[in-house]
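Undergrad: Output the structure for:
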Amino acid sequence: MIEALKKGMGIYVHIPFCLQKCTYCDFSSIALNNSTSLEDYCLCLQKEIAGHSTQHRMQNISTVYFGGGTPSLLTAGQVEDILRALRQEFSFLDDVEITLEANPATLSRTKLRDLRDAGINRLSLGVQSFSDSDLRVLGRVHSSSDALTTVEDLHFLSWKNFNIDLIYGLPGQSIDRWKENLDMVVACEPSHISAYLLQLDPCTPLARDLARGLWEPLEEESEEAMFNLAREHLQGNNYRHYEISNYCRRGRECRHNLIYWSGQEYLGLGSAAVSFQAAKRWINPWPLENYCAPLRCGRLPGIQVLETMNSEELQAEALVMGLRQIEGVDLEELKNRLGIDPHTHYGTLIDDFIERGWLKMLEGRLCLHPDMIFVSNQILCHFLDNRKS
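TA: Residues are numbered from 1 along each chain as shown. As a prediction, the model looks like this:
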């Protein structure tokens, strides 16, 4: 799979509009007030795409990912216009993966058919929970019934490649209710399932409610039990656990996310979109008007460079991101790619963690021990802490 990714770059397209902000969301997004704002933004996106023609023209593209926000607020015509603009400036591989994140409240059978005709070949459905009480806690605008109707429509239209997002560790969520979610998602027969632990930024409404004592947070033991239940249940139903929070049918990994986890390059388009190329990571302007204003005047917006990484920093990130994958990191491939043997700086740490039973080596690949996956952050942070200054 990694060899296939090396053939091309990924493109991320940020659509920052939502019907309303969810209580747990800290992404760069705003409520959509009118269709004119969305159309104006789409025109700005196309101008940004055209502005990249000199630097990136005809570069091979292996994945396109519409994220947000709620990209399914786009009309099929707007999606088609954006993809047409991309194809004019880039060379799409024949098997390009084109994903669109979607909220069930914004979909219909007709719209799903039109999105597929526009070029979308993978859908990521933000269900989050099949429990209406959970959805109310999260501030979602769709119901469980909406989600099930969308899944029915996807199967009616013979969509073969779609993901369902779930969130666990919600305030008030029981292990039994989580088990019901897992049973329901398996019954929906998606090709891919993402099961994320709820992580809250202090600025979010739900975090503030928790801080005021309006909700009782779950104990870490309960969260870990939910993680283990998901792993056991989904693997038992032929979903391969290939990344900490992700499961799939054979060959249905999210190729776009594999680009991130494997240290490959990607270009971010749209307000607040992040790019990574030539060891440099940068972000487009936010708020929205700071992005759109220069594009309306025929200029690319200024970018903010987040970091320019040396080989030591690239190696640390490659280890941290690669170890998120259940198969781990090919240390020889990493050495050849970055020109540094990971054992040169991290050999003692790696040996110590293997002895502790936190990591293991299998046929040249360094990976997390299965019992350590849930607490991976407590292990992976050491690779960042031990970088040379």
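Undergrad: mind checking how far stretch 233-253 is from the chain centre?
TA: 16 Å (C-alpha atoms, centre = their mean, to the nearest Å).
Undergrad: To clarify, my last question referred to stretch 37-48.
TA: Distance, stretch centre to chain centre, for stretch 37-48: 23 Å (C-alpha atoms, centre = their mean).
Undergrad: Output it in PDB with nothing but the alpha carbons.
TA: As requested, C-alpha coordinates have been extracted for stretch 37-48 and formatted as PDB (Å, rounded to 0.1, in the frame of the first residue of the first chain):
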ATOM      1  CA  SER A  37     -21.200  32.500   0.800                       C
ATOM      2  CA  LEU A  38     -20.700  28.900  -0.300                       C
ATOM      3  CA  GLU A  39     -20.600  29.900  -4.000                       C
ATOM      4  CA  ASP A  40     -18.200  32.700  -3.400                       C
ATOM      5  CA  TYR A  41     -15.900  30.300  -1.500                       C
ATOM      6  CA  CYS A  42     -16.000  27.700  -4.300                       C
ATOM      7  CA  LEU A  43     -14.900  30.400  -6.800                       C
ATOM      8  CA  CYS A  44     -12.100  31.400  -4.400                       C
ATOM      9  CA  LEU A  45     -11.000  27.700  -4.200                       C
ATOM     10  CA  GLN A  46     -10.800  27.500  -8.000                       C
ATOM     11  CA  LYS A  47      -8.700  30.600  -8.100                       C
ATOM     12  CA  GLU A  48      -6.300  29.100  -5.500                       C
END
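Undergrad: Can you show me the strands along the stretch 151-300 of the chain?
TA: 162-168, 192-197, 240-243, 246-248, 266-269, 274-277, 280-283 (DSSP state E, counting those that start in this stretch).
Undergrad: Just put the ones you listed in a markdown table and tack on mean neighbour count.
TA: Just so you know, the C-beta spots here come from the backbone N, C-alpha and C atoms, and that holds for glycine as well. Listed next are the strands of the stretch 151-300 of the chain as a markdown table, based on neighbours: other C-beta atoms under 10 Å:
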| stretch | mean neighbour count |
| --- | --- |
| strand 162-168 | 24 |
| strand 192-197 | 22 |
| strand 240-243 | 19 |
| strand 246-248 | 24 |
| strand 266-269 | 22 |
| strand 274-277 | 19 |
| strand 280-283 | 16 |
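Undergrad: Switch these over to a markdown table; also include distance to residue 152 and mean pLDDT.
TA: As requested, the strands of the stretch 151-300 of the chain are arranged in a markdown table below (distance: least, C-beta to C-beta, whole Å; pLDDT from 0 to 100):
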| stretch | distance to residue 152 | mean pLDDT |
| --- | --- | --- |
| strand 162-168 | 12 | 98 |
| strand 192-197 | 17 | 98 |
| strand 240-243 | 25 | 98 |
| strand 246-248 | 21 | 98 |
| strand 266-269 | 33 | 97 |
| strand 274-277 | 35 | 96 |
| strand 280-283 | 39 | 98 |
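Undergrad: would CSV of the ones you listed with distance to residue 204 be doable?
TA: Supplementary listing: those in CSV, determined by distance: least, C-beta to C-beta, whole Å:
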stretch, distance to residue 204
strand 162-168, 13
strand 192-197, 15
strand 240-243, 24
strand 246-248, 23
strand 266-269, 23
strand 274-277, 20
strand 280-283, 20
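Undergrad: Which of those strands sits closest to residue 128?
TA: Taking C-beta to C-beta, strand 162-168 is the member of these nearest to residue 128, at 4.8 Å.
Undergrad: circling back to that earlier point, relative to residue 37, which of the strands of the stretch 151-300 of the chain is closest?
TA: Shortest distance between residue 37 and the strands of the stretch 151-300 of the chain, using C-beta to C-beta, is found for strand 266-269: 17.5 Å.
Undergrad: Point out where the stretch 1-150 of the chain drops to low pLDDT.
TA: Where the stretch 1-150 of the chain drops to pLDDT under 70, the residues are 1-6, 54-58.
Undergrad: just the strands in it please.
TA: Read by DSSP E, counting those that start in this stretch, the stretch 1-150 of the chain holds these strands, from start to end of the chain: 9-15, 17-18, 30-31, 60-68, 91-102, 122-128.
Undergrad: Looking at those, which is nearest to residue 257?
TA: When these are ranked by distance to residue 257, counting by C-beta to C-beta, first place goes to strand 60-68 at 8.2 Å.
Undergrad: helices or strands next to the closest one in the packing?
TA: The helices and strands touching strand 60-68, judged by 3 or more C-beta pairs under 8 Å, 6 or more residues apart in numbering; DSSP states H and E, are strand 9-15, helix 76-89, strand 91-102, helix 255-261.
Undergrad: With distance to residue 61 and mean neighbour count added, can I get these in a markdown table?
TA: Output for the helices and strands packed on strand 60-68, formatted as a markdown table (distance: least, C-beta to C-beta, whole Å; neighbours: other C-beta atoms under 10 Å):
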| stretch | distance to residue 61 | mean neighbour count |
| --- | --- | --- |
| strand 9-15 | 6 | 25 |
| helix 76-89 | 7 | 18 |
| strand 91-102 | 5 | 19 |
| helix 255-261 | 11 | 22 |
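Undergrad: Rebuild those as CSV, extending it with distance to residue 227.
TA: Supplementary listing: the helices and strands packed on strand 60-68 in CSV, determined by distance: least, C-beta to C-beta, whole Å:
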stretch, distance to residue 227
strand 9-15, 27
helix 76-89, 35
strand 91-102, 23
helix 255-261, 18
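Undergrad: As a markdown table, the strands of the stretch 1-150 of the chain with distance to residue 350 would be great.
TA: Formatted as a markdown table, the strands of the stretch 1-150 of the chain follow (distance: least, C-beta to C-beta, whole Å):
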| stretch | distance to residue 350 |
| --- | --- |
| strand 9-15 | 29 |
| strand 17-18 | 42 |
| strand 30-31 | 44 |
| strand 60-68 | 31 |
| strand 91-102 | 33 |
| strand 122-128 | 34 |
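Undergrad: between these, which gets nearest to residue 316?
TA: Ranked by C-beta to C-beta, the member of the strands of the stretch 1-150 of the chain that lies closest to residue 316 is strand 9-15, at 21.3 Å.
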